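>>> sequence first, predicted coordinates after that:
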Amino acid sequence: AQEPAPRRRVLLKLSGEVFGGGKLGVDPVTVRGVAEQIAKTVGVVETAIVVGGGNFFRGAELSQSGMDRSRADYMGMLGTVMNCLALQDFLEQAGVETRVQSAISMAQVAEAYIPRRAIRHLEKDRVVIFGAGAGLPYFSTDTVAAQRALEVRADVVLMAKSGVDGVYTADPKKDPDAVKLDRLTYDEALIKDIRVMDQTAMTMCKDNGLDMVVFGMEGEGNVTRAILGERMGTVVTV
Ligand code: UDP
């Protein structure tokens, strides 16, 4: 069996929204800011990152406008790789050694996804960015975040959210009585259909006892603090 990681090891999920700053494509100012926050934690915490791609394409949306679902999903996965390269660039500018591992082979821009190698990178203070999702249509990058976290033995999945700072009893944008929850169990989230991440991902975390922290990107230094393990946002547990 694998030994548990001696240092804190986290899996950070950054959705496409984070990269685009709410728009299509990559917003360099936003990505630089995130990279600089991650850089502050290197050497203390081991960080692996799964990036989304919703700032480029979402397969389900493209298929609703008439595209073949699988092909649209591959477009979605390719979009995530562009986000990986942008993040890699800004991390390296911030002095952080970084490796991108892609689930779809593209040797010129990324290593292949090799979990044991990813772990070695983490142990050597390199940030590992996982791109191209699972390489499989009909999956989401949330599910990949749960799967990669389990496979590299991360202690926790950190779900960075844009525009909201945790899980609420109702949609805080619509309901003024919505209250932020400090803790939540996966069963509660699943039963109440709270969409902190997709259900497949939550089930995977639940079945394997993996904790998740849902936190807001926006506050000053929030990404740094979340990686370092400060208590914030909402903790989701078994
Ligand atoms: N995708 C996929 N398989 C995967 C991961 C992603 O097919 O394993 C596709 C899917 O079409 C998805 C898109 O890539 O809509 C972008 O990923 P996601 O929607 O999870 O990104 P996010 O919402 O985090 O920005």
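Nice, thanks for sending it over.
>>> for the longest helix along the chain, the distance to its chain's centre please.
Scanning the chain for the helix with the most residues, using DSSP state H, yields helix 69-93. Distance of helix 69-93 from the chain centroid (CA atoms, centre = their mean, to the nearest Å) equals 12 Å.
>>> if residue 99 is in a bridge, with which residues?
Beta bridges link residue 99 to residue 128 when assigned by DSSP bridges.
>>> that one contacts residue 121, correct?
Yes. Using CB atoms under 8 Å, residue 99 makes contact with residue 121 at a distance of 5.0 Å. C-beta: built from backbone N, CA, C; applies to glycine.
>>> in terms of secondary structure, what does the lowest-mean-pLDDT helix or strand in the chain contact?
Counting by mean pLDDT, DSSP states H and E, the chain has its least confident helix or strand at helix 16-20, which shows a mean of 91. Other helices and strands packing on helix 16-20, by 3 or more CB pairs under 8 Å, 6 or more residues apart in numbering; DSSP states H and E, are helix 28-39, helix 69-93.
>>> residues contacting residue 11?
47, 48, 49, 50, 145, 148, 149, 152, 154, 156, 157, 158 (CB atoms under 8 Å, 6 or more residues apart in numbering).
>>> kindly report the same for residue 193.
Counted by CB under 8 Å, 6+ apart, residue 193 has zero contacts.
>>> now do 10 Å
residue 199 (CB atoms under 10 Å, 6 or more residues apart in numbering).
>>> could you give the angle of the longest helix of the chain to helix 28-39?
Helix 69-93 runs at 70 degrees relative to helix 28-39, counting by axes from the mean of the first three to the mean of the last three CA atoms, to 10 degrees.
>>> which strands and helices sit next to helix 69-93?
Helices and strands touching helix 69-93, as assessed by 3 or more CB pairs under 10 Å, 6 or more residues apart in numbering; DSSP states H and E, comprise strand 9-14, helix 16-20, helix 28-39, strand 46-51, helix 59-64, strand 98-102, strand 127-131, helix 141-151.
>>> thanks a lot, see you next time.
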